[in-house]
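Trainee: One predicted model, sequence on top.
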Amino acid sequence: MGAGKPALYLGFLGVGRIGLDRMARILQSGVVNATAISDPSPEMINAAIKIAPQAQVVASFDDLLDREIDGIIIATPSALHAQQSTRALERGIPVFCQKPLGRTQGEVADVVAAAQRSNILLGVDLSYRYTAAMQQIRDIIRSGELEHVFAADLIFHNAYGPDKPWFYDKSLSGGGCVMDLGVHLVDLALWALDFPAVTRVESTLFSQGRPIQDPAQVEDFAVATIELAGGTILRLTCSWRLSAGCDAIIGASFYGTGGGAEFRNVEGSFFDFRAERYWGTKRELIVSPPDAWPGRAAVSWAQRLSCGERFDPACANLITVATVLDAIYSR
């Protein structure tokens, strides 16, 4: 970032629903005072200009890289994430990318290596880490209050499915509900437990109620068992378009020899979460809505960038999460 600049000058690549939301929230933070935008949709560009009327519209990713920007926010289809992130990092431009950073462990490892070579800050929008409820759960686990955490139940059921065709093409998306939703669950559990080694992964993937036989199919329901060093077992379930009686079921429940703790959405909401602490049949509510967490990951990245932070070695954990997803897909 150039000396004397009052705030970051960021480029926004992709301003669909998520990209537009992240743009609005990061601009509201006051860390950013000017942007450049690129998106193939005139409708999305018009929406973005309403949020950032002083932003310059550029025709392509290459044009965006040629601008004098301090960082780039990438919210394009998944198949493009790794390549675009790597190119930006190799140009010396810090990156904040939507999940998944790559479709496979290899793609993710390549991006992390590029960030490390350039000593550039890399961030990924693993947004549920930034909820107040999950941060409280993590603090409880890390404090040792639950003693030995021997099991966790991880769940993300979305009553709806993606509305973009590329999500259903495995070559473009990398996978179905596991790549879209399960990545959050794997990341949350490993992050809360301080990324222990993964020793075994077993899974069954379904499409329209039947186990998948064709590896090119995209799953809409998945179950997986993940065993960690020390014997801890994670049980993961996620889905699209499940008849679950509400918009969404999202949760992470951790069971230890000293009690339990749970992160859970409230009344089927995609945005409201609570955290509870369990002792036998007793429970205590420790965090409840409201909590303005969407976009907090992007704002945190921008704040770190404005402070001059460089490559974060914790990015290696992104490779660990991608390795687990590869194992779930038997890759």
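Mentor: Cool, got the structure. Residues are numbered from 1 along each chain as shown.
Trainee: What are the contacting residues of stretch 141-149?
Mentor: 140, 192-194, 230, 232, 254-261 (Cβ atoms under 8 Å, 6 or more residues apart in numbering). Backbone N, C-alpha and C define where each C-beta goes, glycine included.
Trainee: Now, of those residues, which are buried?
Mentor: 140, 192-193, 232, 254-256, 259-261 (16 or more other Cβ atoms under 10 Å).
Trainee: Does Ile226 touch Ala197 like I think?
Mentor: No - assessed by Cβ atoms under 8 Å, Ile226 is found out of contact with Ala197, at 11.2 Å.
Trainee: More neighbours: which of the two?
Mentor: Ile226 (24 against 10; other Cβ atoms under 10 Å).
Trainee: and that one, that's in a strand?
Mentor: Yes - Ile226: assigned to a strand according to DSSP: H, G, I helix; E, B strand; the rest coil.
Trainee: how about it, what does it touch?
Mentor: If you count contacts by Cβ under 8 Å, 6+ apart, Ile226 has them with 186, 189, 198, 200-201, 233-236, 324.
Trainee: Report the buried members of the residues you listed.
Mentor: The buried subset of those (16+ other Cβ under 10 Å) comprises 186, 189, 198, 201, 234, 236, 324.
Trainee: my read: the third one touches Val324, true?
Mentor: Spelled out, that is Val198. Yes - using Cβ under 8 Å, Val198 is in contact with Val324, at 5.7 Å.
Trainee: so what's in contact with those two at the same time?
Mentor: 190, 226.
Trainee: Ala292: neighbour count?
Mentor: Using other Cβ under 10 Å: Ala292 sits among 11 other residues.
Trainee: tell me the SS of it?
Mentor: Under three-state DSSP, Ala292 comes out as coil.
Trainee: show me where pLDDT drops low in the protein?
Mentor: Under the criterion pLDDT under 70, the flagged ranges of the chain are 1-6.
Trainee: in terms of contact, does Arg25 touch Val299 like I think?
Mentor: Yes - in this structure, Arg25 is within contact of Val299 by Cβ under 8 Å, at 6.3 Å.
Trainee: For the host helix or strand of Val111, list every residue counted as buried.
Mentor: In the assignment (DSSP states H and E), Val111 maps to helix 105-118. Neighbour counts over helix 105-118 (16+ other Cβ under 10 Å) mark 105, 107-112, 114-116, 118 as buried.
Trainee: Could you list which of the contacts of Ile226 belong to strands?
Mentor: 198, 200-201, 233-236 (DSSP state E).
Trainee: what about the helices in this protein?
Mentor: 17-28, 42-51, 61-66, 78-90, 105-118, 132-143, 170-173, 177, 183-192, 296-306, 316-328 (DSSP state H).
Trainee: what angle sits between the second one and helix 17-28?
Mentor: It stands for helix 42-51. 10 degrees (axes from the mean of the first three to the mean of the last three Cα atoms, to 10 degrees).
Trainee: Dump helix 42-51 to CSV, restricted to CA.
Mentor: Taking Å, rounded to 0.1, in the frame of the first residue of the first chain, the C-alpha atoms of helix 42-51 are listed here in CSV:
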residue,chain,number,x,y,z
PRO,A,42,-24.7,-4.7,-16.3
GLU,A,43,-27.4,-5.2,-13.7
MET,A,44,-24.9,-6.0,-11.0
ILE,A,45,-22.6,-3.2,-12.0
ASN,A,46,-25.5,-0.7,-11.7
ALA,A,47,-26.3,-2.1,-8.3
ALA,A,48,-22.6,-1.7,-7.2
ILE,A,49,-22.4,1.8,-8.5
LYS,A,50,-25.3,2.8,-6.3
ILE,A,51,-23.2,1.6,-3.3
